[in-house]
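Q: no sequence for this one, just the structure:
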Ligand code: ADE
């Protein structure tokens, strides 16, 4: 997979060199390009924003630098991801779908957002996903892009050592979309708290049943919306 990230704060993406994503880049599973949007400005001050038509607070990102950046980086086969609090909610199925793409470009806006014509223009030329992490507002798309990239890249073949951990975890397809059951390791008793007896039984069916009950109960309590 090829990833191209466009931002006025390219340093935000330094953590991608760490841990599993960093290893996927080093191994060539992921090709990464980080681009400063100001590279596509031509004035002395490298201006990327201007006041909003119609008035209102804050600044809007100008369409010209974004248009030039996307012209250079995208092809008709690209999937353009635009993190935005007004986007569709990013969920695990979106991570699976985006992990199938060969080329993702993340357009990370700041201020009050990017001039709407940029996405309108791109939609006629490639697949575009405007995606929100949740019902809160971040200062820009960079942190949202980091979150989505981690969720996507860990699904690529070979990135996670034991692929079984992908099917057992919360929100995974193999887990009926339930939250994950609680997990324990040694010691068997810690600060007066004991590991549930059933987990020492060696009885795989009973353990699986207990875990499923725990997952359903936890989901009912915390995320009843997931039970459908
Ligand atoms: N940019 C600002 N807030 C955001 C959010 N909640 N999700 C995605 N991108 C954002």
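A: Yes, it's here. Computed from a predicted model, the values in this text were never measured in an experiment.
Q: Can you check which helix is longest in this structure?
A: Among all segments of the chain classified by DSSP state H, the helix with the greatest residue count is helix 204-222.
Q: helices or strands up against it?
A: Secondary structure elements in contact with helix 204-222, counted by 3 or more Cβ pairs under 8 Å, 6 or more residues apart in numbering; DSSP states H and E, are absent; no helix or strand qualifies. All C-beta spots, glycine's among them, are computed from the backbone N, C-alpha and C.
Q: residues making contact with it?
A: In this structure, residues lying in contact with helix 204-222 by Cβ atoms under 8 Å, 6 or more residues apart in numbering are 175, 178-182, 196, 198-199, 201, 226-227.
Q: Out of those, which comes closest to the ligand?
A: Sorting the contacts of helix 204-222 by how near they are to the ligand, with Cβ to the nearest ligand atom, puts residue 226 at the top with 19.7 Å.
Q: which ones are touching that closest one?
A: Residue 226 makes contact with 177-179, 219 under the criterion Cβ under 8 Å, 6+ apart.
Q: So what's the predicted local confidence for it?
A: Model confidence at residue 226, expressed as pLDDT, equals 94.
Q: Distance of residue 157 relative to residue 172?
A: Separation of residue 157 from residue 172 (Cβ to Cβ, to the nearest Å) stands at 16 Å.
Q: Looking at those two, which is more packed in?
A: residue 172 (17 against 8; other Cβ atoms under 10 Å).
Q: Excluding chain neighbours, what is closest to that one?
A: Leaving aside its sequence neighbours, residue 172 sits nearest to residue 166 (Cβ to Cβ, 6 or more residues apart in numbering; 6.1 Å).
Q: That neighbour belongs to a helix?
A: Yes. The assignment for residue 166 (DSSP: H, G, I helix; E, B strand; the rest coil) places it in a helix.
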